[in-house]
Structure formats: C-alpha cells, structure tokens
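Q: Curious how this folds, go ahead:
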Amino acid sequence: MKKAKIYIPAKTAMQSGRGKQKKWVLKFETKDPSINPLMGWETSTDTLEEVVLKFPSKEKAIEYAKKNNISVTIIDPKKKEFVIKSYADNFLKN
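A: You can find the predicted model right below:
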C-alpha cells in the first residue's frame, strides 16, 4: 500500500501573503532513501517521490486517497494568533 501525507504547505520566507496556502497537497512518502556515494545527495529509486498532487479541500484529497487505496497521514495546519500592535509599541516600555 502506498503511503502519503496530506497537508497545507507553509509559506516561504520570500512570500508576504498567504495566497498559496489555500491548496491541500498530497505528497507520497519515499521508500528506502539512501545516500548517493558520488555527490552525497539523498537518492531513491521510488519515482512517486516526485509526484505532488494539489486539491482545493482536505475532503477532496482524502476522497482521492481512499479511491486509489493510499494510506494517508493528515497534518492539520496550526492556528495562528495575530497580535495587533502599533508602531509606537516598539518604543514603549512595559
């Protein structure tokens, strides 16, 4: 049985907005990764490692996994708390 994980990817340091964080991703886990003796990179003979599927919702991703007999691990996003601050707060001592 194939194994995969379903998650929303984190934004990169180069992004300021959260626009690309709306899609759920199904990414397959690799089988027996090893180290390439010449370059020292991680390598695998499993080509499913390169497959990344994007879905508009978590339910669609789970439905796809069930249809195709894929064992999945679901990673829910962490809730972020926004603290509203003003510029003056940088100069005030508590």
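Q: Pairing partners for the lowest-mean-pLDDT helix or strand in the chain, with directions?
A: Counting by mean pLDDT, DSSP states H and E, the chain has its least confident helix or strand at strand 42-43, which shows a mean of 78. Next to strand 42-43 in the sheet, as set by DSSP bridges, lie strand 34-35 (antiparallel).
Q: how much distance is there from the partner strand to the middle of the chain?
A: 23 Å (C-alpha atoms, centre = their mean, to the nearest Å).
Q: With stretch 76-92 instead?
A: That offset, for stretch 76-92, works out to 24 Å (C-alpha atoms, centre = their mean).
Q: Give me the contact list for it.
A: Applying C-beta atoms under 8 Å, 6 or more residues apart in numbering, the contact partners of stretch 76-92 are 7-8, 21. The way it works is simple: take the backbone N, C-alpha and C, and place the C-beta from them, glycine included.
Q: Using PDB, write out every CA atom in that stretch.
A: Output in PDB follows, covering the C-alpha atoms of stretch 76-92 (Å, rounded to 0.1, in the frame of the first residue of the first chain):
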ATOM      1  CA  ASP A  76      -3.700  19.900  10.000                       C
ATOM      2  CA  PRO A  77      -2.400  23.500   9.900                       C
ATOM      3  CA  LYS A  78      -1.600  25.200  13.200                       C
ATOM      4  CA  LYS A  79      -3.900  28.200  14.100                       C
ATOM      5  CA  LYS A  80      -2.000  31.400  14.200                       C
ATOM      6  CA  GLU A  81      -2.900  34.200  16.700                       C
ATOM      7  CA  PHE A  82      -2.400  37.600  15.400                       C
ATOM      8  CA  VAL A  83      -1.300  40.300  17.900                       C
ATOM      9  CA  ILE A  84      -2.300  43.700  16.800                       C
ATOM     10  CA  LYS A  85       0.400  46.200  17.600                       C
ATOM     11  CA  SER A  86       1.100  49.800  16.700                       C
ATOM     12  CA  TYR A  87       4.400  51.200  15.700                       C
ATOM     13  CA  ALA A  88       4.600  53.100  19.000                       C
ATOM     14  CA  ASP A  89       4.700  49.800  20.900                       C
ATOM     15  CA  ASN A  90       8.300  49.400  19.700                       C
ATOM     16  CA  PHE A  91       9.300  52.400  21.900                       C
ATOM     17  CA  LEU A  92       7.200  51.900  24.900                       C
END
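Q: Cool, thanks, talk later.
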